[in-house]
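S.K.: With the sequence up front, the predicted model follows.
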Amino acid sequence: MEQQTPYKHKFLPYLLVAPQLLITLVFFIWPATEALMQSFMVENTFGTASKFVWFENFSYILEDEQYLHSVQVSLVFALATTAVSMGLSLLLAVMADRVVKGAQVYQTFLIWPYAVAPAIGGILWYFMFNPSIGILAYWLKGMGYQWNHQLNGMDAMILVVIAAAWKQISYNFLFFLAGLQSIPKSLIEAAAIDGASPFKRFWDIVFPLLSPTTFFLLVVNVVYAFFDTFGIIHATTAGGPANSTAIMVYKVFNDGFVGLDYGSSAAQSVILMMLVGVFTLVQFKYVERKVQY
Amino acid sequence: MVENRPWLNFFSHFVLFLGVLIVAFPIWIAFVASTHPPEALFTNPIPIWPGPDLVKNYSEVLGSGISSAGGASVAVMLKNSLIMALAITFGKIVISLMAAYAIVFFDFPFRMLSFWVIFMTLMLPVEVRIVPTYAVVARLDLLNSYTGLTLPLIASATATFLFRQFFMTIPKELIEAAKIDGAGPVKFFVDILIPLSRTNIAALFVILFIYGWNQYLWPLLITSESSYATIVMSIQRMVMSAEADPQWHLIMATAVLALLPPVIVVVAMQKVFVKGLVETEK
């Protein structure tokens, strides 16, 4: 990390970083430390006294079946969302890279779900899947399937996965398209002259060359599914039915604000923070590598 | 194009067209539902073409709001959302520009420490540490205020990081030239660095406006008074009340109003947004 630092000044640099640091300390470091401390404490029933219990909260939640269930739900949700969204976006990006006319128009129509709030996107799909008046539920009924995300955990999971993946299509599409456009055309032309079909060209040349983009998007999508989808869950299924869509971020909120179990909620926060840390390091390494050359 | 394959071109357009249809379908259905009287949405199949009540429904939510969901006017919510989104956007850009400038262009004892403290915030989304952050804001007596709504979200590692990356690409010769011409650090910042960052600032504006407008959990917790409610968080309450008293035509009108401003920003600034997003995050 080579840097140029041409100016020397007694107080100006401190003045410049002060606002950012101050807000970071008050609203990020302080609460994070508090969460860390609380994760080692247990409060009595009235919340009047607390005592230090080492890793009791952690060992408690790691043995708690409901917590382990939420970890499992998060994994299923994240993997399904990532697979659906990235698969669809890659297909669309490959097609948009092929067509010369109208690529810009398609892009305009594909980017705007990025701007829709997760909670609003969730509500739109919730409305369409509504068992009594939803248009999709009606069509499914016509095909012989009784859709009900209020009773059926699998239906509920499919609903939130579709809503989450729908919103992420724009982002993935833009990155895949940029990745595809940066692949030298000469490589593909050479393969075409050698008689490779479009399908073969994609698998043997384009897809391997696209792998940096794919890897980057993989990390981004998993992070998104883990941490940015609270609104979708809260506004539609509220973790139900029977916790079948209660992802980890939802459980932190629910145990803390609804269940008022601060010790457990704080321990969950700490685990999530460590998880974010791992993801960020992976991403950061990647970003730095890209920037170096 | 490498070679001419008419059927494959047709297939590409077909797939893209289908993709656009899938992506646009939820919005279309929401819009259609917002133009019908309530009776049209009581039983399936609900209409898939617009109805006659567009003006009536929208003026009802913007005026008196939805009575069964607290009755706050959507116009007030839109105002609150706009205040929150703009405060977060401008706040983030200004303090990130300043912090990145200090970290890249100045030599001072705590330079790297400052960078790492700021960088750590990248790791901690609000959702993850929601309970203690709420406690801190409550202790500072900032509940039900615009300050409480925006200030905790203004620190941004992402924006600082992006500006830092950009500043590091600025050639040393430019700074030397500015120095020879007698430009001090403040003048260099305001007259040279900020104009050079124009494109980055514009791209960040789009990204951050969307981020601010779409905040959900934070306003949900911080605002218990309806006069501070934002539109994105209020939708959930309306839907919950819809179980008892179906007002889907009004809820969908509110949803359309809630997604319109950020969508307009993205589409209007598409070029700079796409360029900024793909180039800066890579």
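M.R.: Yep, that arrived.
S.K.: tell me the mean pLDDT for whichever strand or helix holds A:Phe175?
M.R.: Assigned by DSSP states H and E, A:Phe175 belongs to helix A:153-181. Averaging pLDDT along helix A:153-181 yields 91.
S.K.: so what does the helix or strand just after that helix touch, helix or strand wise?
M.R.: Downstream of helix A:153-181, the first helix or strand assigned by DSSP H and E is helix A:185-193. Helices and strands touching helix A:185-193, by 3 or more C-beta pairs under 8 Å, 6 or more residues apart in numbering or on different chains; DSSP states H and E, are helix A:198-201. For the C-beta atoms, the positions are set from N, CA and C on the backbone; glycine is no exception.
S.K.: returning to that earlier point: for the helix holding A:Phe175, which helices and strands make contact with it?
M.R.: helix A:65-98, helix A:103-111, helix A:118-128, helix A:211-227, helix A:230-235, helix B:6-33, helix B:270-281.
S.K.: how many other residues sit next to residue 221?
M.R.: No chain was given, so I picked chain A. 24 (other C-beta atoms under 10 Å in any protein chain shown).
S.K.: Can you look at chain B instead?
M.R.: Neighbours of B:Leu221 (other C-beta under 10 Å): 19.
S.K.: Tell me, how many residues neighbour the nearest residue to it once chain neighbours are set aside?
M.R.: Spatial nearest neighbour of B:Leu221, chain neighbours left out: B:Tyr134 (5.4 Å); criterion: C-beta to C-beta, 6 or more residues apart in numbering or on different chains. Residues lying near B:Tyr134 (other C-beta under 10 Å) number 21.
S.K.: Nearest the geometric middle of the chain, what residue?
M.R.: As the question left the chain open, I've gone with chain A. The centroid of chain A falls nearest to A:Tyr224 when counting by C-alpha atoms, centre = their mean (1.2 Å).
S.K.: wrong one, I was asking about chain B
M.R.: Centroid check for chain B by C-alpha atoms, centre = their mean gives B:Ile210 as the closest residue, at 1.5 Å.
S.K.: Show me what whichever strand or helix holds that residue is packed against.
M.R.: In this structure, B:Ile210 sits in helix B:198-213 according to DSSP H and E. Helices and strands touching helix B:198-213, by 3+ C-beta pairs under 8 Å, 6+ apart, are helix B:74-105, helix B:157-167, helix B:248-268, helix B:270-281.
S.K.: is the shortest one anywhere near chain A?
M.R.: Yes: for a cut-off given as C-beta under 8 Å from any C-beta of the partner chain, helix B:157-167 has contacts with chain A, namely B:Thr160, B:Gln165.
S.K.: need the contact list for B:Ala33.
M.R.: Contacts for B:Ala33 (C-beta atoms under 8 Å, 6 or more residues apart in numbering or on different chains) come out as A:Phe127, B:Leu41, B:Ile46, B:Trp248, B:His249, B:Met252.
S.K.: circling back: what is the burial count for the residue nearest to the residue nearest to the centre of chain B when sequence neighbours are not counted?
M.R.: Once flanking residues are discounted, B:Ile210 sits nearest to B:Pro262: 4.7 Å by C-beta to C-beta, 6+ apart. Counted with other C-beta under 10 Å, the neighbours of B:Pro262 add up to 25.
S.K.: Include mean pLDDT and distance to A:Lys8 when you put the helices and strands packed on helix A:153-181 into JSON lines, please.
M.R.: Formatted as JSON lines, these follow (pLDDT from 0 to 100; distance: least, C-beta to C-beta, whole Å):
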{"stretch": "helix A:65-98", "mean pLDDT": "91", "distance to A:Lys8": "47"}
{"stretch": "helix A:103-111", "mean pLDDT": "85", "distance to A:Lys8": "45"}
{"stretch": "helix A:118-128", "mean pLDDT": "91", "distance to A:Lys8": "46"}
{"stretch": "helix A:211-227", "mean pLDDT": "86", "distance to A:Lys8": "38"}
{"stretch": "helix A:230-235", "mean pLDDT": "90", "distance to A:Lys8": "45"}
{"stretch": "helix B:6-33", "mean pLDDT": "88", "distance to A:Lys8": "53"}
{"stretch": "helix B:270-281", "mean pLDDT": "77", "distance to A:Lys8": "29"}
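S.K.: Could you say which one of those helices comes nearest to B:Val104?
M.R.: With C-beta to C-beta as the measure, helix B:270-281 is the member of these nearest B:Val104 (15.5 Å).
S.K.: helices and strands around the closest one, which ones?
M.R.: Against helix B:270-281 (3+ C-beta pairs under 8 Å, 6+ apart) you get helix A:103-111, helix A:153-181, helix B:157-167, helix B:198-213.
S.K.: doesn't A:Ala163 make contact with A:Phe77?
M.R.: No: between A:Phe77 and A:Ala163 no contact is recorded; they are 10.9 Å apart, counting by C-beta atoms under 8 Å.
S.K.: okay, these two: which has more neighbours?
M.R.: Legend: neighbour count by other C-beta under 10 Å for A:Phe77 and A:Ala163, higher for A:Ala163 (30 against 23).
S.K.: pretty sure B:Val126 is touching B:Leu217, no?
M.R.: Yes: between B:Val126 and B:Leu217 there is a contact under C-beta under 8 Å: 6.6 Å.
S.K.: and A:Tyr126, what does it touch?
M.R.: Contacts for A:Tyr126 (C-beta under 8 Å, 6+ apart) come out as A:His149, A:Leu159, A:Ala163, A:Ala235, A:Thr236, B:Val239.
S.K.: Below-threshold pLDDT in chain B: ranges please.
M.R.: Applying pLDDT under 70 to chain B flags the ranges B:1-3, B:66-71, B:122-123, B:127-128, B:242-246, B:280-282.
S.K.: What are the buried residues along the helix or strand containing B:Ala135?
M.R.: Counting by DSSP H and E, the element that carries B:Ala135 is helix B:130-139. Applying a neighbour-count criterion of 16 or more other C-beta atoms under 10 Å in any protein chain shown, one finds B:Ile130, B:Val131, B:Pro132, B:Thr133, B:Tyr134, B:Ala135, B:Val136, B:Val137 buried in helix B:130-139.
S.K.: Please consider this matter closed, and thank you.
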